[in-house]
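> Give me a model of this one.
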Amino acid sequence: MSLLASAAAHPPPSHGAGAQQAIGYPSLFLLVVLGSLLPVVPTGALVSGAAVVAFHQTEPVALAVVFAVASVAAFLGDAALYWLGLRGVRSRNGSRWLHRLQNRVDGETLAKAERQLDEHGAAVLVLSRLIPAGRLPVMVACLLGEMPLRRFVRGDIVACLAWAAAYQVIGILGGSLFPEPWQGVALAVGLTFAIAAYPTVRRRVGRAPRMSERGSEGA
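Residues are numbered from 1 along each chain as shown. Next up, the predicted model:
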């Protein structure tokens with residue numbers, strides 16, 4: 001994120017744009033791949049921030065390049081993670097990747113993802129990429145159902161394209177509202193973090209009434 005913020009706050013002169021892009025696009029690619037493999041990197045915020053910076057550049061292809069880099073990187077990360085998890089499903093002792101994925105998904109959410117997968121098949125992959133915190137439960141459900149890698153890949157291609165487009169739109173909206181790129185980056189990143197935090201907040205708010213009901217019953 002520091003790379004995006006620096007580029008937005010201190011845009012280089014036109015003759016240095018090529019050097020900035022030569023650094024920025026590979027960095028975006030590597031960070032999105034890493035975020036797909038290790039779900040701790042805010043990949044949506046990265047794509048939205050990069051879209052803001054691209055929106056304020058004079059090159060008309062900048063936004064198209066951000067979209068292509070983000071969608072390809074997300075797909076490669078998803079495919080690699082699924083392949084690693086699939087190896088664990090087929091192994092007698094499992095794998096650390098599969099165990100890590102399962103540990104990050106609660107039973108209720110996983111059961112819901114499995115029902116959706118049974119009803120809608122690989123089409124659920126598209127929604128899982130667009131819904132905050134929806135990717136991992138659906139991926140684990142696909143792994144436990146032993147969905148073939150080829151079928152997962154077909155659904156995930158569309159999912160990654162839709163995901164990259166959605167977060168790029170957030171970045172474009174943020175960039176269009178402010179004259180300075182750093183202002184648009186701040187808004188876009190804030191929105192993506194708010195979207196990502198929504199499922200956690202909703203779960204905690206939903207648990208509060210149940211906890212109070214249990215407390216009153218125990219009294």
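
> looking only at pLDDT, what's the mean for stretch 148-155?
Mean pLDDT, computed over stretch 148-155, is 93.

> which residues are contacting it?
If you take Cβ atoms under 8 Å, 6 or more residues apart in numbering as the criterion, stretch 148-155 is touched by Ala79, Tyr82, Trp83, Leu86, Gly121, Ala122, Ala123, Val124, Leu125, Val126, Cys142. Yep, even glycine has a C-beta here, placed from its N, CA and C like the rest.

> switch to 7 Å and redo it
Stretch 148-155 is contacted from outside by Ala79, Tyr82, Trp83, Leu86, Ala122, Ala123, Leu125, Val126, Cys142, using Cβ atoms under 7 Å, 6 or more residues apart in numbering.

> How about stretch 74-93?
So stretch 74-93 is contacted by 32-33, 35-37, 43, 94-95, 97-98, 101, 139, 143, 146, 149, 152-153, 156-157, 160, 163-164 (Cβ under 7 Å, 6+ apart).

> Does Glu146 belong to a helix, a strand or coil?
coil (DSSP: H, G, I helix; E, B strand; the rest coil).

> That one - how many residues pack around it?
The number of residues packed near Glu146 is 9, by other Cβ atoms under 10 Å.

> Ok, Leu34 next?
15.

> Could you list which residues are in contact with it?
Val41.

> Go again with 8 Å.
Val41, Gly77.

> mind checking the SS state of it?
Assignment for Leu34 (three-state DSSP): helix.

> And the pLDDT at it?
pLDDT recorded at Leu34 is 93.

> one step back: where does confidence bottom out across the contacts of stretch 148-155?
At the low end of pLDDT for these is Ala122, which has 82.

> Give the closest residue to that one in space, chain neighbours not counted.
Of all residues beyond its chain neighbours, the one nearest Ala122 is Gly155 (3.4 Å), with distances taken as Cβ to Cβ, 6 or more residues apart in numbering.

> what's around that neighbour, how many residues?
By other Cβ under 10 Å, 21 other residues sit near Gly155.

> Could you do Gly134 as well?
Look at Gly134: counted by other Cβ under 10 Å, it has 19 neighbours.

> ends of stretch 134-151, how far apart?
19 Å (Cα to Cα, to the nearest Å).

> circling back: drop anything exposed from the contacts of stretch 148-155.
Ala79, Tyr82, Leu86, Ala122, Leu125, Val126, Cys142 (16 or more other Cβ atoms under 10 Å).
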